[in-house]
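*Asks:* Can you look at this prediction? I've put the sequence above it.
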Amino acid sequence: MNNEVRKALVMGLSVAAVMAAGSKVFAQQDSSQHEAKRAAFAECANEVGLPKPEAGQRPQAPDEEQRTKMDACLKAKGFEPPTRFGGGNGDGRHHGPPPEESQNSGIQ
């Protein structure tokens with residue numbers, strides 16, 4: 001192998017190693033930040049008195065007063081409040097698990 005090819009190979013492997021290490025660090029930071037935000041949200045929901053949903057049920061959206069208090073609490077804890085509450089991806093549709101097989105659409 002000539003010297004230039006060897007240098008290029010070493011450089012490529014070095015860049016790959018740095019990128020792999022960096023992505024692991026960022027993933028750990030994202031995970032810990034996400035957990036901290038979840039904990040802050042739970043604390044604020046408890047402080048504001050948001051009702052906890054029954055097992056297997058979706059939570060109720062907060063009323064305007066609760067929402068204002070939640071936003072203020074989250075900001076006081078250093079987090080940006082959510083722009084919306086609830087599941088899905090913002091398109092107004094629920095994206096939960098698919099229906100049971102017994103609940104077919106009638107298509108045979």
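*Replies:* Done, it's in.
*Asks:* Please enumerate residues in contact with stretch 60-80?
*Replies:* 36-37, 40-41, 43-45, 47-51, 53, 81, 85-86 (C-beta atoms under 8 Å, 6 or more residues apart in numbering). Glycine gets a C-beta too; all of them are placed from N, C-alpha and C.
*Asks:* Repeat the analysis, applying 7 Å as the threshold.
*Replies:* By C-beta atoms under 7 Å, 6 or more residues apart in numbering, the residues outside stretch 60-80 that reach it are Lys37, Ala40, Phe41, Cys44, Ala45, Glu47, Val48, Leu50, Pro51, Pro81, Phe85, Gly86.
*Asks:* Can you point out the helix or strand that includes the fifth one?
*Replies:* This points to Ala45. helix 3-48 (DSSP states H and E).
*Asks:* which element follows that helix toward the C-terminus?
*Replies:* Counting by DSSP H and E, what follows helix 3-48 is helix 64-76.
*Asks:* For that following helix, the averaged confidence score.
*Replies:* Averaged over helix 64-76, pLDDT sits at 92.
*Asks:* buried residues in that helix?
*Replies:* Of all the residues in helix 64-76, those buried under the rule 16 or more other C-beta atoms under 10 Å are Gln66, Arg67, Lys69, Met70, Asp71, Cys73, Leu74.
*Asks:* Please provide the alpha-carbon coordinates for that helix, formatted as PDB.
*Replies:* Provided in PDB are the C-alpha atoms of helix 64-76 (Å, rounded to 0.1, in the frame of the first residue of the first chain):
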ATOM      1  CA  GLU A  64     -56.800  26.900  30.200                       C
ATOM      2  CA  GLU A  65     -56.000  27.700  33.900                       C
ATOM      3  CA  GLN A  66     -54.200  24.400  34.400                       C
ATOM      4  CA  ARG A  67     -52.300  24.900  31.100                       C
ATOM      5  CA  THR A  68     -51.100  28.300  32.100                       C
ATOM      6  CA  LYS A  69     -49.900  27.000  35.500                       C
ATOM      7  CA  MET A  70     -48.200  24.000  33.800                       C
ATOM      8  CA  ASP A  71     -46.400  26.300  31.400                       C
ATOM      9  CA  ALA A  72     -45.200  28.600  34.200                       C
ATOM     10  CA  CYS A  73     -44.100  25.600  36.300                       C
ATOM     11  CA  LEU A  74     -42.100  24.000  33.400                       C
ATOM     12  CA  LYS A  75     -40.500  27.400  32.600                       C
ATOM     13  CA  ALA A  76     -39.500  27.800  36.200                       C
END
